Every structure is written in C-alpha cells, then in structure tokens.
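Enquirer: Predicted model, plus sequence, below.
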Amino acid sequence: MNPVVELRRDGEIAVLAVNSPPVNALSAQVREGIVEGIRQAGADASVKAVVLHCEGRTFFAGADISEFGKPPKQPMLPEVVDFIEASSKPVIAALHGTALGGGLETALACHYRVAVPSAKCGFPEVKLGLLPGAGGTQRLPRLVGPERAMEMVTSGSPISAKAAKEMGIVDELVDESDLLASAIAFARKVVAENRPLKKVRDLDDKIAAARGKPEIFDAFRKANARKFRGFQAPEYNVRCIEAAVNQPFDEGIRLERQLFQELVSGEQSAAQRHVFFAERQVWKIPDISDDTPTLPVKKVGVIGAGTMGGGISMNFANAGLPVTIVEAKPEALERGLGVIRRNYESTAKKGRMSMEDVERRMGLLTGSLKLEDLADCDLIIEAVFENMAIKKEIFSKLDAIAKPGAILASNTSYLNVNEIAAMTKRPEYVLGMHFFSPANIMRLLEVVRGEKTDKRVVATAMQLGRQIGKIAVLVGVCHGFVGNRMLEPRQREANRLILEGAMPWDVDRVLYEFGFPMGPFAMADLAGLDIGWSRETSKGETAREILCEQDRRGQKTGAGFYDYDENRNAKPSKLVEQIILDLSAKKGITRREISDQEILERCVYTMINEGAKILEEGIAIRSSDIDIVWINGYGWPVYRGGPMFYGEQVGLGKVLDRLRAYEAKFGADFKPAALLERLVAEGKGFRDL
Ligand code: 3H9
C-alpha cells in the first residue's frame, strides 16, 4: 500500500485520496500512487469514475522542487499526466488551496475540474526559472487562448477559482464546505449523463485564431522586454505557447520537454530554486525556536516623518496598526504626513486602492511633536538621520518615556546598535530594524540583534516583519550590517576603476549586463550626489566631490556622472570624462585599458569576500540569508541566486585565485577571508557550513 495515496470507494465512484503534507507536492511516491490508483480503478468494473482529491491544506502545489537537480525517479510527471488523460473512466480533479505548476497540469489532464471558490490556480514555474513541463504549456492555451496563457506562465501569478471558471479552466465551482462530497456528486452526474471523456489536448477553438500569426507573440515579447531582461525562462515559456498554437499537440509536448530539460539543468533555475528555499530558511533562527513567545504589538511609534519614517509608518498602517509619528518641527510633520497621503492617493489613482482605504490608513496615523506621546506604544522605531549623538540622546529619552516591555528599535543603516542600547536601562528590549528606501515598497528588513537583545524581542521583530509583508533577515551588529557592509567594497572598487582607466558608464554597463537594475554611478545620480556633501567641507578629491562643486548633483539637477535630457534619459558626459582624466593625472595614475571581466571581478568578488567575512564573524546566520539581503534590498538579479550562491556557481576556488591575484597587484583590500581559504582547502562551499 502506498503510504500517501489511497484508493477509497463511494459506491461507483473511486476516490484517489492523496495525503502528503505539507503541500502535497508531486513527489515520486505521490506519482507512483496516482498511477497505481488510476490503474486499479480502471481494472475494477464496478468503478465508473474517479475523483482525484488531496487532503490537508491544498491540492498538489506542484512538482517536488527538492527532486530537481537529482537523478530522476520514475514515473515522471509527464507520464503520469498522460496516464490520467488516457484513463478509460472519467477522472475529476477536486481543487482547493493552491493548484500550482505540476499540480495544475495534473488537473488539466483530468477530464473535468471542480473547485471551491477560495482555490487558486497558477503556473509559478517561471519564478523557479522553469516552464510547466508536464503538458501545461500545451494544454493551457487550448483552454484559455494564447494571450492569457502567456500572461499566466510568464507572470507566475495565480488566478482565483472564479477567474479560472470564467476562463474555462474549471468546469464548476462547488460548495466551500464540502469539496469531496461535491466532487463525488459531480462525478455521479458525469456518469449518469454519460458525458464524454473530455481531453484538453483535443481542443482547438481557442488557439485556431492565433495560428500563423507570429506578431501576437512578438508583441507580447516586446511589451514585456524590460520585465524579462536577463531571464531565460520567460522566452522559453512563450516559445512553448507559440508551439501549442502552431504545431500538433505531440510536437508541442516534445518542444516543452526539451526546453524544460534545458532550463532545469541550467544555472538560472538552480539559482532561482536556491532562492525559493532560501526565502523559507531565512525565518529559521537556530537558537530561537518557532514557539518562542512574541510580545503583543498593537500600537507603533515612529520617530521622524522624513522619507524613511514616513515609509516605515505606511507599512504598519497598511497592516491595520495605529502609528504615532513624532517630529521635532510642525512643518516637517505636516510635510511628512502630506507625502504619505499623496503616496496613498497615487496608489488609489492607479486603481490599486479605494479612497476609503486611503482614509482608513490615514486615520491610523497620528502626528505629534512630543516624544511623550509614545508612552503607550508597544514598538517604537527611531528613524532620524544617521548621527550617533542624536540617536543616543533619543534612546536615553525614550527609556524614560516608553512603557515597560516596549520594544525600542533603531532604523540605523550603519551604527552600532549595542552602543545605542547601552543608553537605556533595558538593552534587552533594543534592536535594529533596518528598512530600505522606499520603506513602504522594498521587501527587505534587516533585523539587527544586539548582544543583549532578548530572544522574544527578536522573535517579535521577525514576526512583525512577516506581518507587514517583508522578508526579514536576522543580522548581527557590525558597521553596515550585511547589505551596506558588502556594498562598500563594490563602491570602493567602482571608484578606483574610474581612476585607473574605466569610465562610469563602463562600470555601470558591466553591472547592468550582469543583471543589476542599474550600475553604481547611475544609482548615485538617482539618489543625489550631494548626500552627506557640503561645499564648506568639500575637499574636491573625488569625482563625486568635484561634480557636486560644479552643481552636477545627479538626476535632480539634470546632470551628475551623466547628462540627462528632460525625460531623465542618461547620456555619457564629455565633461565628466575630462574631470576623471584630470583627476587620474592629478593623482599620478597612468590610465590603462580595463576589461569588463576585471570590472566584474573587482566589484563582485570583493563582495563575496566580504560576505565570507560576515559569515566567519557570525553576523549572518547562513550564506543564503546574505543572498536574500542582496536580492531583496539591492537589486541583485534573482537568476544569479545572490552573491554567495553566485560565488559557488563560479567556483570558490576561482574566486579565491582571482582575489589572490588582485591582492598581489593592489594590496590588502583583496586579502581573501580566512573562511574562503579554508573552504577551498577543504573542497567545501558556503552551504556546507
Ligand atoms: C513544477 O511543478 C514543475 C512542473 O511543471 C514540471 C515537472 C516535470 N516542492 O511556502 P511554504 C515546502 S515546479 C517541495 O512555507 P505557504 C516549502 O519549502 C513547482 N517543497 O507554505 C516549505 O518547507 P519547510 C511549481 C515545497 O503556506 C513547506 O513546503 N510549484 C513545495 O506559505 C511549506 O511551504 C511551485 O512553485 C514544492 N513544490 O505557501 C509552488 N512547495 O516548511 C511552490 C512548498 O521545510 N510553493 N514546499 O520550509 C508555494 O508557492 C508555496 O509553498 C504554497 C504554500 C503557496 C504552496
């Protein structure tokens, strides 16, 4: 007997019941059980129809992702779905929860599908760098037409059961309270009415109109070119849908299989699968168990109504929590609240929020000019500018104001949280909550654990992060934590490279082509070159300082490292080129040709090296957490899996060799981390730690 699949009977209807927690992924054992069940039901003359039903929280959530990259186990999913479709008796899929990927493909191979209204269907494979590889790309367009099919497979976003019913993916919506009974009743109807064995593969009407019209697919590619940039999987998905329209079913399946194999054994999918598991690992903290009690947070205080404070406040208001925002001056408070309102209203204008929602959220925000008004808050986040003296003063005042048991957090991006905590008599309630700008949009939250932070406080901050839709990464105290600390060597090398021979646009192009949304100089122009700069203190020693002195302060002034037209399109600047040439000469540097390879290695391998030091010092729990920081906070391309994963993909031995070579040439900044040396000597990787 198969331990996870059981064949039961309800009169003439056989129920193939699957119970493989947590998400009924289609593991080898499940696949075997399905084939065996269909076979038995087929052989039993008293069975007239089969209901395929999953127990627990969901219908199959897809193929078992952990099997990819390992030796294949029989029967493979494409064979299983063919076997279901070829059944001589009608098979009815009963959908609830999330019917995803291979799960939805299994359902599409059934002859009928019923679903509860709360169910969701989708093909998320593209998010794993894959395509639906068990007939999904061929069956879906036959049900919904190529345009909708392309949208579904390339976005990976699930649709509601109601939408699935409207599109023809689901035949009937049934009572939420008893899916199985409804599915059995539906099966009885199919038998009683002698309905045909409906095979999706035989349908043609939804694809016929697009046949011989490549322009439909090209238009889709063009419209999504920016979104798809660098990714292999979206294009492969589109090719399969195109084949579904233009080729016979079996030909389309052959192409789907071939392209799936190529993707699943490729580097991008390996990276994206790594990210899938890393995103789930990140919540697990070795010395803080899942059942650690958290502290109730019903009211939040935020100090500072600037860009950061405002964005942070929006997160909590969005989650329905009341927030008191404290500012020092009435104008600043008014300005801050005004910006928040405008942000919400612009979301409403785009149709993504109702005006009632805007008012509801604004109603949760209270402005104040007195720290004392934070006395009843359960969590207070300080978001004033980066100045240790000011932060210390605020925390020592807060200590006197905040109620006992309140969590005091700093949004510092670099400073020592232990020093800040030491200003209070309750350092165990102090930690860092480092949001990324714009804080209402960016998914990353670095939760900074001080040396005295209580475990319940850490658990509460992580759980709050989840509640407000962030991906929270626990990090330790050091200058810049994980993200900004690793940004430093990249920035340092970028600045040196332009003095040694490259131009800002060369460095930016290499990093853009690598997959970052923009390079460091374009980024600096966007953020404003004068952050932290003043004319009085400017020494005119760096390109950035000279540009500021010439009032080229970035996009906002129409010029920075680049020249900008009225639409903010960047163009390399002759003037900047000259500034850089002069600066090199002034510093006595003989400029030379610098290869793209050198730019990439010096910017990225130094980051990997810094990441290794971060691991060595225990600042991050695991290397995959570092990857999550960089993907969610700094635009590292997800198809390269994060800097630590990328380092392993390149080969740690190679990274070490190159660092050594640069160390010999440029000195100690390239000195390899001891951990990197050790791992390479032992033939191990970061993931073995
Ligand atoms: C595919 O189907 C390819 C086919 O087209 C072709 C084949 C030839 N496999 O997310 P959660 C684990 S590709 C293995 O925290 P939730 C997950 O790691 C697949 N494991 O729960 C976690 O483990 P742990 C297409 C899986 O309620 C636990 O289950 N399908 C899989 O927040 C709970 O997960 C997908 O991409 C899996 N397929 O969300 C769907 N799924 O507890 C991927 C989950 O040890 N899954 N696990 O950390 C999801 O999107 C979400 O898990 C889901 C539930 C929405 C289902």
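Expert: Done, it's in.
Enquirer: Could you pick out the residues of this protein near the ligand for me?
Expert: Taking C-beta under 6 Å from any ligand atom as the measure of proximity, the chain contacts the ligand at 22-23, 25, 58, 61-66, 77, 98, 100-102, 105, 124-125, 128, 130, 132-134, 136, 280. The way it works is simple: take the backbone N, C-alpha and C, and place the C-beta from them, glycine included.
Enquirer: taking the residues you listed one by one, which sit in strands?
Expert: Mapping these onto strands (DSSP state E) picks out 98, 100.
Enquirer: May I see the ChimeraX selection of the buried members of the residues of the chain next to the ligand?
Expert: In ChimeraX, this line selects whichever of the residues of the chain next to the ligand come out buried by 16 or more other C-beta atoms under 10 Å:
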select :23,25,58,61,62,63,64,65,77,98,100,101,102,105,124,125,128,130,132,133,134,136
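Enquirer: The residues of the chain next to the ligand in helices, which ones?
Expert: Using DSSP state H, 77, 102, 105, 136, 280 are the members of the residues of the chain next to the ligand that sit in helices.
Enquirer: Model confidence score at the nearest residue to the first one once chain neighbours are set aside, please.
Expert: Of all residues beyond its chain neighbours, the one nearest residue 77 is residue 134 (4.2 Å), with distances taken as C-beta to C-beta, 6 or more residues apart in numbering. At residue 134 the predicted local confidence, pLDDT, stands at 98.
Enquirer: what's the answer for residue 390, then?
Expert: 95.
Enquirer: do residue 116 as well
Expert: According to the prediction, residue 116 has pLDDT 98.
Enquirer: Got the phi and psi for it?
Expert: phi -80, psi 150 (degrees, to the nearest 10).
Enquirer: go on, residue 24?
Expert: Dihedral angles (degrees, to the nearest 10) for residue 24: phi 50, psi 40.
Enquirer: Can you give me every residue that contacts it?
Expert: Residues in contact with residue 24 (C-beta atoms under 8 Å, 6 or more residues apart in numbering) are 18, 30, 54-56, 58-61, 103.
Enquirer: 10 Å instead?
Expert: 4-5, 18, 30, 54-62, 64, 97-99, 103 (C-beta atoms under 10 Å, 6 or more residues apart in numbering).
Enquirer: same thing with residue 310?
Expert: 302, 304, 325, 335-341, 343, 365, 383, 438-440.
Enquirer: ok, of those, which one's closest to residue 267?
Expert: Nearest to residue 267 among the contacts of residue 310: residue 438, at 31.4 Å, using C-beta to C-beta.
Enquirer: returning to what we had before: now restrict the contacts of residue 310 to buried residues only.
Expert: Here, 16+ other C-beta under 10 Å leaves 302, 304, 325, 336-337, 339-341, 343, 365, 383, 439-440 buried among the contacts of residue 310.
Enquirer: Quick check: residue 625 touching residue 642?
Expert: Yes. Between residue 625 and residue 642 there is a contact under C-beta atoms under 10 Å: 9.2 Å.
Enquirer: These two - which one has more neighbours?
Expert: residue 642 (27 against 23; other C-beta atoms under 10 Å).
Enquirer: Identify the residues contacting the more buried one.
Expert: Contacts of residue 642 by C-beta under 10 Å, 6+ apart are 271, 274-275, 278, 608, 611, 623-632, 636, 648.
Enquirer: burial of residue 429, as a residue count?
Expert: Residue 429, neighbours per other C-beta under 10 Å, totals 26.
Enquirer: need the contact list for it.
Expert: 295, 379-380, 399, 402, 404-409, 421, 450, 452-454, 456-457, 460.
Enquirer: among these, which are in helices?
Expert: Using DSSP H, the contacts of residue 429 in helices are 399, 421, 456-457, 460.
Enquirer: Pipe these into JSON lines and attach neighbour count and pLDDT per row.
Expert: Below are those laid out as JSON lines (neighbours: other C-beta atoms under 10 Å; pLDDT from 0 to 100):
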{"residue": "399", "neighbour count": "18", "pLDDT": "97"}
{"residue": "421", "neighbour count": "24", "pLDDT": "97"}
{"residue": "456", "neighbour count": "17", "pLDDT": "98"}
{"residue": "457", "neighbour count": "25", "pLDDT": "98"}
{"residue": "460", "neighbour count": "23", "pLDDT": "98"}
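Enquirer: where's the residue of the stretch 401-550 of the chain found nearest the ligand, which helix or strand?
Expert: Nearest residue of the stretch 401-550 of the chain to the ligand: residue 466, at 10.1 Å (C-beta to the nearest ligand atom). Element membership for residue 466, per DSSP states H and E: helix 455-467.
Enquirer: Run the angle between the helix or strand following that helix and helix 455-467 for me.
Expert: Next along the chain after helix 455-467, taking DSSP H and E as the criterion, comes strand 471-476. Orientation check (axes from the mean of the first three to the mean of the last three C-alpha atoms, to 10 degrees): strand 471-476 against helix 455-467 gives 150 degrees.
Enquirer: what separates strand 471-476 from the chain centre, distance-wise?
Expert: The chain centroid and the centroid of strand 471-476 are separated by 15 Å, computed with C-alpha atoms, centre = their mean, to the nearest Å.
Enquirer: contacting residues for residue 387?
Expert: 393, 412, 415.
Enquirer: Could you identify the buried members of these?
Expert: By 16+ other C-beta under 10 Å, those give 412, 415 as buried.
Enquirer: From residue 673, how far out is the residue in the stretch 551-689 of the chain that the ligand sits nearest to?
Expert: Nearest residue of the stretch 551-689 of the chain to the ligand (C-beta to the nearest ligand atom) works out as residue 624 at 12.1 Å. Remark: distance between residue 624 and residue 673 (C-beta to C-beta, to the nearest Å) = 17 Å.
Enquirer: Compare those two and say which is more crowded by neighbours.
Expert: residue 624 (24 against 20).
Enquirer: Could I get the full set of strands for the stretch 51-200 of the chain?
Expert: 91-95, 98-100, 112-115, 120-122, 159-160, 172-173 (DSSP state E, counting those that start in this stretch).
Enquirer: Kindly reformat those as TSV containing distance to residue 569.
Expert: Below are these laid out as TSV (distance: least, C-beta to C-beta, whole Å):
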stretch	distance to residue 569
strand 91-95	47
strand 98-100	40
strand 112-115	47
strand 120-122	36
strand 159-160	36
strand 172-173	49
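Enquirer: The residue of the stretch 201-350 of the chain found nearest the ligand and residue 273, how far apart?
Expert: At 3.9 Å from the ligand, residue 280 is the closest residue in the stretch 201-350 of the chain, using C-beta to the nearest ligand atom. Residue 280 sits 12 Å away from residue 273, going by C-beta to C-beta.
Enquirer: list residues touching both of those two?
Expert: Joint contacts of residue 280 and residue 273 (C-beta under 10 Å, 6+ apart) do not exist.
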